[in-house]
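Following is a predicted model, sequence given first.
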Amino acid sequence: MNLGLEGRVAIITGSGRGIGAATARLLAMEGAKLVITDMDSEAALATAAALRADGFDAVGLASNVMHAEDAKAVAALAVTTYGRIDILVNNAAVVRDISLVKMAESDFDLVIGTTLKGAFNFCRAVLPHMYERRWGRIINLSSRSLFGNPGQTNHAAAKAGIVGFTRSLSLEQAKYGITVNAVAPGFVVTEGARALPNFEAIAKAAIEKTPVGFLGEPKDIGSVIAFLASEHSRYLTGTTIFVTGGRFSS
């Protein structure tokens, strides 16, 4: 399917690896120009370089999504380099899993701040540029874990918050030709997931609870994001799409 993304400019947070990097490549394959940003400077620059090596148009920049000035700097880079901003994917997130009574306040603040404040900062930075063309696509990454998982009160709260944030922002921005949607992945096999010391046990348990019988890959999430970034999704806003293989319970 031609998604009509030729010449569109997309910013993807947390796109040095995993779902963000896969999404960047899928958008690039559809003709979009990419701004890769990640807290890990080496990962951001490497992902952008890999895209350029394959003939795509991409630049990379390190940023901490919790800092408003960093969000403004990324938006400025997009405009300086490509002259516009059309698409924002708020993908950046961190995980600090532990039971609530053992959870440090800093772990709660970091998870909430990265997911929720990060989306807030980047939306504020890019929306004025979308207003100029009265067209925009904002896709926020939620998670199946918004329904709750043991040891993830911070993560579940952040991802549930994204759903409310998305719904409210969609109502504000529709009149400007800007749609705002969320994607809620299930268990996805990323580099980070594979690095977990108990990955095999976690993956086995997840498969048993996933009706389709296999785990998702980053491209499975990226494909849905690419659709939401396109003109084909023009009548869809304020919605959360669950990409979980049919799994909803913990």
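That came through, no problem.

what about the helix or strand of the chain with the lowest mean pLDDT, distance to the chain center?
When the helices and strands of the chain are scored by mean pLDDT, DSSP states H and E, helix 191-194 comes last with a mean of 86. The gap between where helix 191-194 is centred and where its chain is centred comes out at 16 Å by CA atoms, centre = their mean, to the nearest Å.

what residues does that helix touch?
The contact list for helix 191-194 (CB atoms under 8 Å, 6 or more residues apart in numbering) reads Arg17, Gly18, Phe187, Phe199, Ile202, Ala203. Where C-beta positions appear, they are placed from N, C-alpha and C, glycine not excepted.

again, but for stretch 148-155
93, 95-100, 103, 107-108, 111-112, 115, 143, 145, 156, 250.

just stretch 121-139 next, same as before
11, 13, 65-68, 70-72, 74-75, 78-79, 84-90, 169, 173, 176-183, 225, 228-230, 233.

filter the residues you listed to the buried ones?
Among those, those classed as buried by 16 or more other CB atoms under 10 Å are 11, 13, 65-66, 70-72, 74-75, 78-79, 84-90, 169, 173, 178-183, 225, 228-230, 233.

for this protein, what spans make up the helices?
18-29, 41-53, 68-82, 105-112, 118-131, 153-173, 191-194, 199-209, 218-228 (DSSP state H).

With distance to Ile138 added, can I get the ones you listed in CSV?
Listed next are these as CSV, based on distance: least, CB to CB, whole Å:
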stretch, distance to Ile138
helix 18-29, 14
helix 41-53, 20
helix 68-82, 13
helix 105-112, 19
helix 118-131, 6
helix 153-173, 7
helix 191-194, 24
helix 199-209, 29
helix 218-228, 9
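
Which of those helices comes out lowest on mean pLDDT?
Among the helices of the chain, helix 191-194 carries the lowest mean pLDDT, at a mean of 86.

Check which residues of it are buried.
Buried, per 16+ other CB under 10 Å, within helix 191-194: Ala193.

cool, and stretch 33-43?
Residues of stretch 33-43 classed as buried: Lys33, Leu34, Val35, Ile36, Thr37, Asp38, Met39, Ala43 (neighbour count, 16+ other CB under 10 Å).

ok, of those residues, which one's closest to Phe165?
Within those, the smallest distance to Phe165 is 19.4 Å, found for Thr37 (CB to CB).

So the closest one sits against Ala43, correct?
No: using CB atoms under 8 Å, Thr37 is not in contact with Ala43, being 10.1 Å away.

Now for the chain: which strand has the highest residue count?
Counting residues, the longest strand in the chain under DSSP state E turns out to be strand 178-185.

could you give me the average pLDDT of that strand?
98.

what does it contact?
Taking CB under 8 Å, 6+ apart as the rule, strand 178-185 contacts 19, 127, 130-131, 134-144, 146, 159, 162-163, 166, 169-170, 173, 216, 220-221, 224-225, 228, 233-234, 236-244.

Give me the buried entries from the contacts of helix 191-194.
If we count by 16+ other CB under 10 Å, the contacts of helix 191-194 have these buried: Arg17, Gly18, Phe187, Ala203.
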